[in-house]
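Q: model this:
(one chain, ligands or ions: 2)
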Amino acid sequence: MAKGILLKGIAGFYYVELEDGKLIECKARGKFRKDKLSPIVGDRVEVELIDESHGVITGISERKNQLIRPQVANVDQSIIVFALKNPDISFILLDKLLILSEHNDLTSIICLNKSDLDGDNTFEEVKNIYENIGYKVIKTNGKTGEGIDSLKNVIKNKVSVFAGPSGVGKSTLFNSLQDKVKMETGEISSKINRGKHTTRHAELIEVEKNTYLVDTPGFSSIDLSFMEPEYLQYSFREFKDYIGRCKFSSCLHIKEYGCSVKEAVEEGKIQQKRYDNYRDILLELMENRRMKKW
Ligand SMILES: Nc1nc2c(ncn2[C@@H]2O[C@H](COP(=O)(O)OP(=O)(O)OP(=O)(O)O)[C@@H](O)[C@H]2O)c(=O)[nH]1
Ligand SMILES: [Zn+2]
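A: Ligands and ions are numbered 1, 2, ... in the order given. Prediction:
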């Protein structure tokens with residue numbers, strides 16, 4: 001019996017990297033099908049060896065988490081990438097990505113790329129808001145290599161997935177972290193023409209021992225409609241000290257009298273910008289629910 005990590009699956013064949021670094025091709029034992037469980041990329045598995053390079057997956061360890069798109073298990077962190085300019089940062093999208101990350105139990109790293117285009121010191125602005133509430137914020141440049149060493153440190157011994165809007169430099173950064181897989185980079189329109197956005201399966205790329213990157217960006221569609229509006233507040237980590245201290249226990253921190261969260265915003269303990277995004281996203285979730293009921 002050997003242990004390993006599932007890096008790739010193609011048409012019923014699974015490629016597992018064993019603890020000694022060897023890559024073998026496996027089938028899954030029939031019992032998984034009966035239990036409606038199938039191994040997915042990122043799974044920590046037990047393997048019965050058939051020969052030097054073949055085996056059968058006989059066990060799957062309990063998953064720490066499981067992303068849907070891309071379908072990957074046991075992801076540790078998301079590297080949320082935005083460009084400092086071209087395209088401009090959307091703070092609401094950034095907060096939505098952080099919410100999804102928190103929801104999936106991932107650590108979030110905020111990576112601000114295209115440092116050469118940061119004329120307005122946007123980096124400092126973002127860093128001030130987000131480092132204060134405990135997120136790591138790093139500045140990178142896909143062209144000059146600035147910050148790539150910090151990024152390398154951040155991904156060490158972890159399974160990481162990139163997330164972020166189109167054109168911010170995710171593929172460029174991915175390429176500068178490893179040389180096994182070359183992702184296509186370039187302007188958005190030319191990439192679409194080349195048919196980049198066809199569906200494909202995710203794969204784990206080993207950067208070095210115990211360090212893996214998911215080769216397709218996560219969270220490409222930011223659909224939060226699964227989330228109960230009352231639950232949203234818990235994804236704003238700086239609200240934690242105030243939740244439960246409002247006058248009304250059902251307080252959603254919008255209009256209610258005696259709201260401890262709103263007081264914290266007024267006292268400058270919670271950033272106005274984050275609170276505004278909380279309110280906007282909450283209203284969006286409530287609107288979705290209302291529409292569904294009709
Ligand atoms: N000025 C500048 N351009 C960069 C930098 N990093 C990447 N780019 C360019 O930005 C464009 C988009 O980069 P990609 O890496 O393809 O972006 P992406 O996030 O993977 O985009 P999608 O695949 O559409 O999601 C390319 O033309 C890159 O050469 C940087 O630090 N500064
Ligand atoms: Zn409140």
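
Q: Now do the end-to-end distance for stretch 57-68.
A: End-to-end span of stretch 57-68 (Cα to Cα, to the nearest Å): 22 Å.

Q: Now it: average pLDDT?
A: In this model, stretch 57-68 carries a mean pLDDT of 95.

Q: For that stretch, what is the distance to the chain centroid?
A: 17 Å (Cα atoms, centre = their mean, to the nearest Å).

Q: Give me the residues contacting it.
A: Residues outside stretch 57-68 that contact it (Cβ atoms under 8 Å, 6 or more residues apart in numbering) are 1, 6, 14, 16, 26-29, 32, 37, 39-40, 42-48, 72-75, 104-106, 161, 218. Glycine gets a C-beta too; all of them are placed from N, C-alpha and C.

Q: Among the residues you listed, which lie within strands?
A: Counted as lying in strands by DSSP state E, out of those, are 6, 14, 16, 26-28, 44-48, 72-73, 161.

Q: Select only the buried ones of these in ChimeraX?
A: Selection command for ChimeraX covering only the buried members of the ones in strands among the contacts of stretch 57-68, criterion 16 or more other Cβ atoms under 10 Å:
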select :6,14,16,26,28,44,45,46,47,72,73,161
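
Q: give me the number of residues near the closest residue to ligand 1 within the stretch 101-250 of the chain?
A: Proximity of the stretch 101-250 of the chain to ligand 1 (Cβ to the nearest ligand atom) peaks at G142, 2.5 Å away. When neighbours are counted by other Cβ atoms under 10 Å, G142 registers 24.

Q: how near is the closest residue in space to it that isn't next to it in sequence to T211?
A: Nearest residue to G142, sequence neighbours excluded (Cβ to Cβ, 6 or more residues apart in numbering): T172, at 3.4 Å. T172 is 19 Å from T211, where distance means Cβ to Cβ, to the nearest Å.

Q: Domain parsing of this structure, as residue ranges.
A: 2-60, 66-215, 229-292 (the TED database).

Q: Residues contacting stretch 165-181, please?
A: 79, 81-83, 86-87, 90, 93, 111, 113-114, 140, 142-143, 145, 148, 151-152, 155, 162-164, 182-185, 187-188, 205-207, 213, 215, 217.

Q: repeat for stretch 269-277
A: 91-92, 95, 129, 132-133, 236, 238-239, 242, 261-262, 264-265.
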